[in-house]
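Colleague: Got a predicted structure plus its sequence, pasted below:
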Amino acid sequence: MRSEDDAWHLLEDLVEGKLTAAHGEMPFKLSGWPKLRIRIPATTHEGAITPSTMVEMIELQHSLLRAYSLIHYKSENLRLLSKSEKEALEFNVVVRQGSSHYEIDFQAIIQQIAENALMKMDSTQVAVLIGAFMLLYFGRTVFAAYLKDRKETRLAELKSEDDKEHLKHLEFVSAEETKRMQIMADALAGNKTAQAIAEEANEVHGAILRAVSKADGGTVQGIHLNGNTASQLAANSRRTGEDIKLSGEFDIQRVDSTVSDGFLVRLRRRSDGLIVNAGVQDALLSEDHKAIIREAEWQKFPIFCKMDARRVGGSISRATILDVTPAPK
């Protein structure tokens, strides 16, 4: 695996079932990726790390430890990690001479996480989890999607028309990247560990954005943000995911019955095109409700759903169906 493009192709093949991993092995080898590259041009001394950037690097380190703990211990409690585990996950920030270009190579850390996970989980499950992990933390596409979500959030918050006008014309995500984020949504669907890691990565993106804002602009994974833009997007960004209610008329796009305690439904809301991967838990829905979902899938008619959901940034990281009826004709 030499690039982010390779990682997306891998994740797509895994999610669609076109690729499986042999027992105890990963279906890929890392070769030059993933790396995190940040450039902060407006530093007092070239070749140095600013205090604000150092603070956010520490947050990244802690987040990686929590993600590792989620994978191996199903908990964010860092006390579960041994000293040797923490040391194995430490990264070094390389500062290029004559600049303030920071580069972090995460290949060894990812390899360590994958090897340990293979001792506890199915190889294909590990491949999906590690593929999603890398892209969530180090993918340009996911960071661009985070910036898009921040733009939409800030446009709703701002009162000054001048400030709004500045943000309105910013475009962060291409059509191809939008398709890639749907691949990620499919990878996260029904995978509670991956969903929790997505929330961790979202917090890291906020930390990096704040560091760029404090430094009056910079470049992250090739995306340039000037000081004004970074400051506008970073404002009020210290927010974790929030629990919300979703409802409306939905078309059923796919049903996955391989989940142990129920099944997964991929839904598209008719009013705005929102795609939701929602869990249907046996303990929460009656047989009548499940029969409605199955019939709607077979007969291709819309349903009216009520759901509990978790929103991170502007994306739905997980959802659970609470009630379902046939949509009024």
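Modeller: Here it is on my side, so go on.

Colleague: Longest strand of the chain, counting residues only.
Modeller: Secondary structure of the chain read by DSSP state E shows that its longest strand is strand 242-256.

Colleague: Mind giving me the packing neighbours of the helix or strand that that one is followed by?
Modeller: As assigned by DSSP states H and E, the chain's next helix or strand after strand 242-256 is strand 262-269. Judged by 3 or more CB pairs under 8 Å, 6 or more residues apart in numbering; DSSP states H and E, the packing partners of strand 262-269 are strand 242-256, strand 275-281. Heads up, the C-betas are built off the backbone N, CA and C, glycines and all.

Colleague: Within the sheet, what are the partner strands of strand 262-269, with directions?
Modeller: strand 242-256 (antiparallel), strand 275-281 (antiparallel) (DSSP bridges).

Colleague: if I look at the residue nearest to residue 190 when sequence neighbours are not counted, how far off is residue 16?
Modeller: Spatial nearest neighbour of residue 190, chain neighbours left out: residue 264 (4.8 Å); criterion: CB to CB, 6 or more residues apart in numbering. Residue 264 sits 15 Å away from residue 16, going by CB to CB, to the nearest Å.

Colleague: hey, which of the strands paired with strand 262-269 is tucked in deepest?
Modeller: strand 275-281 (a mean of 20; mean count of other CB atoms under 10 Å).

Colleague: Give the rounded mean pLDDT of that strand.
Modeller: The average pLDDT within strand 275-281 is 81.

Colleague: and the next helix or strand after that strand, which residues are buried?
Modeller: Next in sequence after strand 275-281, counting helices and strands by DSSP H and E, comes helix 287-299. Judged by neighbour count using 16 or more other CB atoms under 10 Å, the buried positions of helix 287-299 are 289-290, 292-293, 296-297.

Colleague: If we only consider those residues, which is nearest to residue 64?
Modeller: Using CB to CB, residue 293 comes nearest to residue 64 of the buried residues of helix 287-299, at 38.3 Å.

Colleague: From residue 245, how far out is that closest one?
Modeller: Relative to residue 245, residue 293 is positioned 19 Å away (CB to CB).

Colleague: between residue 264 and residue 16, who's got more neighbours?
Modeller: residue 264 (20 against 10; other CB atoms under 10 Å).

Colleague: for the more buried one, what are its contacts?
Modeller: Neighbouring residues of residue 264 by CB atoms under 8 Å, 6 or more residues apart in numbering: 189-190, 255-256, 277-280.

Colleague: now these in a markdown table, with distance to residue 327?
Modeller: As requested, the contacts of residue 264 are exported to a markdown table (distance: CB to CB, whole Å):
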| residue | distance to residue 327 |
| --- | --- |
| 189 | 23 |
| 190 | 24 |
| 255 | 17 |
| 256 | 22 |
| 277 | 20 |
| 278 | 16 |
| 279 | 21 |
| 280 | 17 |
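
Colleague: between these, which is nearest residue 36?
Modeller: Among the contacts of residue 264, and counting by CB to CB, the member closest to residue 36 is residue 189, at 26.4 Å.

Colleague: Can you show me the helices along the stretch 101-250 of the chain?
Modeller: 107-118, 123-138, 140-157, 161-168, 175-188, 192-214, 227-234 (DSSP state H, counting those that start in this stretch).

Colleague: quick one: which of these has the weakest pLDDT on average?
Modeller: Across those, the lowest-scoring stretch is helix 161-168, with a mean of 84.

Colleague: Can you give the contact residues for it?
Modeller: So helix 161-168 is in contact with 151, 154-155, 158, 228-229, 232-233, going by CB under 8 Å, 6+ apart.

Colleague: Looking at the strands paired with strand 262-269, which is nearest to residue 216?
Modeller: Of all these, it is strand 242-256 that lies closest to residue 216, at 30.2 Å by CB to CB.

Colleague: The closest one to helix 175-188, inter-axis angle?
Modeller: 90 degrees (axes from the mean of the first three to the mean of the last three CA atoms, to 10 degrees).

Colleague: Output strand 242-256 as CSV, nothing but the C-alphas.
Modeller: The C-alpha coordinates for strand 242-256 follow below in CSV (Å, rounded to 0.1, in the frame of the first residue of the first chain):
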residue,chain,number,x,y,z
GLU,A,242,-24.2,14.6,19.9
ASP,A,243,-27.2,12.3,20.2
ILE,A,244,-30.1,13.2,18.0
LYS,A,245,-33.5,12.0,16.8
LEU,A,246,-34.1,11.2,13.1
SER,A,247,-37.4,10.7,11.3
GLY,A,248,-38.9,10.9,7.9
GLU,A,249,-39.7,8.9,4.8
PHE,A,250,-36.9,6.5,3.7
ASP,A,251,-36.3,4.2,0.8
ILE,A,252,-34.5,0.9,1.8
GLN,A,253,-31.4,0.4,-0.3
ARG,A,254,-30.0,-2.7,1.4
VAL,A,255,-30.6,-5.1,4.3
ASP,A,256,-27.7,-7.0,6.0
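
Colleague: Contacts made by it with the rest, please.
Modeller: Here strand 242-256 makes contact (CB under 8 Å, 6+ apart) with 189-190, 263-271, 275-276, 293-294, 296-297, 300, 302-311, 316, 319, 327.
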